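Chemist: need coordinates for the following:
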Amino acid sequence: MHRVPSRSARSALAALTAACSLTLLAGCAHFSGNNGETAGATTPPPAGDNFYAPPAPLPEGAPGDVIWKRALTNEAALPAAGANWLVLYRSTDIDGQPIAVSGTVAVPEGTPPAGGWPVISWTHGTTGIADICAPSRNGPEYPARAYVSLMNEGLNEWVRQGYAVVKTDYQGLGTPGPHPYLIGEVEARGAVDMVRAARRIDPNLSRDWLAMGHSQGGQAAVYASYLGPLYAPELNLTGAVAISPASHLGEQVRYAQTHPETPSSAYGALMLNSAAAMSSQVKLDEILTPLGQERTAMTEDLCVGQLAGEDGFKGLTSRDVMKLNADFTAFNQVFDTLGDSENLRPAVPLLVLQADNDRVVLKQFTDAMVSRFKNVGANVEYRLYTIGEDATVSNHQATVPDSRADAMDWVRGRFMPVR
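Modeler: Model (predicted):
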């Protein structure tokens, strides 16, 4: 497992982006890639779930190069599309090292408009960190089927309207290695390189693209709104839509550490594993109780819904899971520096959609993030919804379908041509 110190990663990224801005005409290995108009890889893909195991070492190439692809036939496919692909493609981790990431591509039926089909890069909400939680595996036995299928119903409407929809699984979901949960730069790279890979597969996809995501993916969309133009200057990022975006993670983990009665959850366990993967200074045996270590280890095999029951985190509090007198400095630094979406400055117009009664991503944090963006001069619009309770769909999840008409109007009216 490759781990990097949390503080060095952001400075390394800043140095690399600055170097690229000075040498753009000469090219930059990690930030440019080819023009996206070449065909995808010709290597025959392995059968079944072996598709997700990349060759070792990875073949030479650039971010967004296709390692292999095959027709997508499971429930991750979008019915309105003329073609659906499962893709394994090159991206980079937070240390700039090449990695393989999986995802899907859905291309509309018919003749593309002038300039090609505009692209929406969808960044999904929390499903888990185990390989079985990758949304491209959606099907009857898929543990996060209810959530992913609900999102796909809406994404199918975008395809019907004439948008190509590409969906990254993120680093380490489906593919080998850890999934850096809520590490925004890694999520954004996966989303950008998914667009590059899709354009290598189908040259009828436009250079114009938009990032859009929910919850964890809302945070990823915010990061993409900042990182996209730097990481992929050959593409044209026209905007981002962040639905119920995670923010103020450092503040939230500190609250749990100082309030023993705070209910524990699978989300916190995923963050603990993520921090340990990102920094060798985070030692879970020093900050977790024996019960906390046992339950947190379950995240490596189960998806988020499976962790919510009696055998998971139901009924547990912070004092049950964490040694509250431990030194959390290294853990906190990971999310202060690598998950701090509220401290970015979006480089493109951003639409933020939030339920005022959301119990997962609280309005107070999204309010503060939007206020900060406006204070630094970002182009951001903010819309609130009151979502009714539903026995099968939480108001956190229901914000996506309830806000879809507004999202479509915003996209249609500002950035991309449609049918």
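Chemist: tell me which stretches of the stretch 301-419 of the chain form helices.
Modeler: Shown for the stretch 301-419 of the chain, the helices assigned by DSSP state H, counting those that start in this stretch span residues 318-321, 329-338, 363-375, 395-402, 404-414.
Chemist: looking at these, which is nearest to Cys133?
Modeler: Among those, helix 395-402 comes nearest to Cys133, with 15.9 Å by Cβ to Cβ. C-betas here are computed from N, CA, C, even on glycine.
Chemist: so what pLDDT did Gly339 get?
Modeler: Confidence at Gly339, expressed as pLDDT, is 85.
Chemist: what's near enough to touch the closest residue to it other than its chain neighbours?
Modeler: Using Cβ to Cβ, 6 or more residues apart in numbering and skipping residues adjacent in sequence, the residue nearest Gly339 is Leu249, 4.3 Å away. Each residue near Leu249 by Cβ atoms under 8 Å, 6 or more residues apart in numbering is listed here: Leu182, Met271, Phe335, Gly339, Asp340.
Chemist: what number of residues lie near the fourth one?
Modeler: With neighbours defined by other Cβ atoms under 10 Å, the count for Gly339 comes to 30.
Chemist: could you double-check that it sits in contact with Val222?
Modeler: No - checked against Cβ atoms under 8 Å, the pair Gly339 and Val222 is beyond contact range at 10.8 Å.
Chemist: list residues touching both of these two?
Modeler: Counting by Cβ under 8 Å, 6+ apart, the residues touching both Gly339 and Val222 are Gly184.
Chemist: quick one on the thing from earlier: so can I have CSV of the helices of the stretch 301-419 of the chain showing distance to Arg345 and mean neighbour count?
Modeler: Below are the helices of the stretch 301-419 of the chain laid out as CSV (distance: least, Cβ to Cβ, whole Å; neighbours: other Cβ atoms under 10 Å):
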stretch, distance to Arg345, mean neighbour count
helix 318-321, 33, 18
helix 329-338, 16, 22
helix 363-375, 7, 17
helix 395-402, 25, 21
helix 404-414, 19, 15
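Chemist: which one of these lies nearest to Gln281?
Modeler: Closest of the helices of the stretch 301-419 of the chain to Gln281 is helix 329-338, at 3.7 Å (criterion: Cβ to Cβ).
Chemist: CA atoms only: put that closest one into CSV for me.
Modeler: Below are the C-alpha coordinates for helix 329-338, written out as CSV (Å, rounded to 0.1, in the frame of the first residue of the first chain):
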residue,chain,number,x,y,z
THR,A,329,-3.3,15.3,14.9
ALA,A,330,-2.3,13.2,11.9
PHE,A,331,-5.8,12.0,11.2
ASN,A,332,-7.2,15.6,11.3
GLN,A,333,-4.5,16.9,9.0
VAL,A,334,-5.5,14.5,6.2
PHE,A,335,-9.0,16.1,6.0
ASP,A,336,-7.8,19.6,6.8
THR,A,337,-5.5,19.5,3.7
LEU,A,338,-7.0,16.9,1.3
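Chemist: i'd like the first residue to be 26 from this point on
Modeler: In the new count, where the first residue is 26, that last one comes out as helix 354-363.
Chemist: and it, how far out from the chain's middle?
Modeler: How far helix 354-363 lies from its chain's middle: 19 Å, per Cα atoms, centre = their mean, to the nearest Å.
Chemist: cool, stretch 320-332 as well?
Modeler: The answer for stretch 320-332 is 19 Å, by Cα atoms, centre = their mean.
Chemist: rewinding a little: pull the most distant pair out of the contacts of Leu274.
Modeler: Maximum distance among the contacts of Leu274 (Cβ to Cβ): 13.4 Å, for Met296 and Asp365.
Chemist: between these two, which is the more surrounded one?
Modeler: Met296 (25 against 19).
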